[in-house]
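**Q** Please work out how this folds:
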Amino acid sequence: QVQLVESGGGLVQAGGSLRLSCAASGGTLSSYAMGWFRQAPGKERDIVAAISRTGGSTYYADSVKGRFTISRDNARNTMYLQMNSLKPEDTAVYYCAAATRSITVVVTQYDYWGQGTQVTVSS
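**A** Numbers count the residues shown, from 1 in each chain. Down below sits the predicted model:
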């Protein structure tokens, strides 16, 4: 069973950048499609981006297209989310997740979750 740990969150001004990391242990990252989700207070957990096992396919929510980039380094068992041009509406807890299936944007199709990392964007 894979364990996931996010890092890299924090407080940043609007227009700034952050890079989130998701480190996997107890399993081989290349066995899983991966995703980044976020959840703001009082809102549902929504997909931000997803990536296939090899990294050959990616998906982005419309709200982050052109600003965020998802990537993975299977040799390092780590996934990343580069976030540029951050906006106050990007403020949320960000979660990484692993799915034992092909790339998916459906939250219920992910099998393993990290504990989340807070991202706060000030205006």
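**Q** Let me know the helix or strand that the residue positioned nearest the centre of the chain is in.
**A** By C-alpha atoms, centre = their mean, the chain has its centre lying nearest to Trp36, at 2.3 Å. Here Trp36, judged by DSSP states H and E, is contained in strand 33-39.
**Q** So which bits of that strand are buried?
**A** 33-38 (16 or more other C-beta atoms under 10 Å). Using the backbone N, CA and C atoms, a C-beta is placed for each residue, glycine as well.
**Q** Identify, from these, the entry nearest to Gly55.
**A** Nearest to Gly55 among the buried residues of strand 33-39: Met34, at 9.2 Å, using C-beta to C-beta.
**Q** Can you tell me who the closest one pairs with across the strands?
**A** Ile51, Ala98 (DSSP bridges).
**Q** so what's it up against?
**A** Contact partners of Met34, counting by C-beta atoms under 8 Å, 6 or more residues apart in numbering, are 22, 50-51, 70, 72, 79, 96-99.
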